[in-house]
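Student: structure for this input, please:
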Amino acid sequence: MITTLRRVILTLTALTGVYVGLWAAALPQSFYDSFPGFGFMWVSIDGPFNEHLIRDVGALYLAIGAVAVYAAFARGLAATRAAGIAWIVFGVPHLSYHVLHFEGMTLVDVVGNIVGLGGSLLLGVALLVVAHLEQRQSPSALTPPE
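Tutor: Residues are numbered from 1 along each chain as shown. As a prediction, this is how the structure comes out:
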């Protein structure tokens, strides 16, 4: 049961990484103009277009998404912990920045930012929790470092 929950969380983080990452890396102007989609524009209200910065953000999301994909198929829990730590280390400053910069956003935008960014941060925390629970449930889940 816990293994399934861990893989579901890893899948959610991988999908997040791929969605944001591919869009930003492949179509930076579109990402700037209309992220997160659905009629919202969270990036363009924060300053001028910077293709380099947006492509780098895309690459970052793709990288942590790739770690989540790897962790979903890896034996042992070390990769799951690494994915959780990566999402937390990225998520804390990312969410902190946005919480301090809601200028020009509607209430719906503010809630969307908090839910989206807070959710991905919480998924990182959840990965550490489920890895810990899975290890306690099955000490044989411990394997040599990957």
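Student: list the contacts for Ala83?
Tutor: Neighbour list for Ala83: 10, 13, 64, 67-68, 70-71, 124, 127 [criterion: C-beta atoms under 8 Å, 6 or more residues apart in numbering]. Heads up, the C-betas are built off the backbone N, CA and C, glycines and all.
Student: check which helix or strand it maps to.
Tutor: Element membership for Ala83 (DSSP states H and E) is helix 78-99.
Student: and that helix, what's its mean pLDDT?
Tutor: Across helix 78-99, the average pLDDT comes to 97.
Student: next, the buried residues of that helix.
Tutor: 78-84, 86-88, 90-91, 94-95, 98 (16 or more other C-beta atoms under 10 Å).
Student: of the residues you listed, closest to Ile54?
Tutor: Of all the buried residues of helix 78-99, Ile54 sits closest to His94, with 14.3 Å by C-beta to C-beta.
Student: next, the angle helix 78-99 makes with the helix of greatest length in the chain.
Tutor: Secondary structure of the chain read by DSSP state H shows that its longest helix is helix 107-137. Angle of helix 107-137 versus helix 78-99, following axes from the mean of the first three to the mean of the last three C-alpha atoms, to 10 degrees, is 160 degrees.
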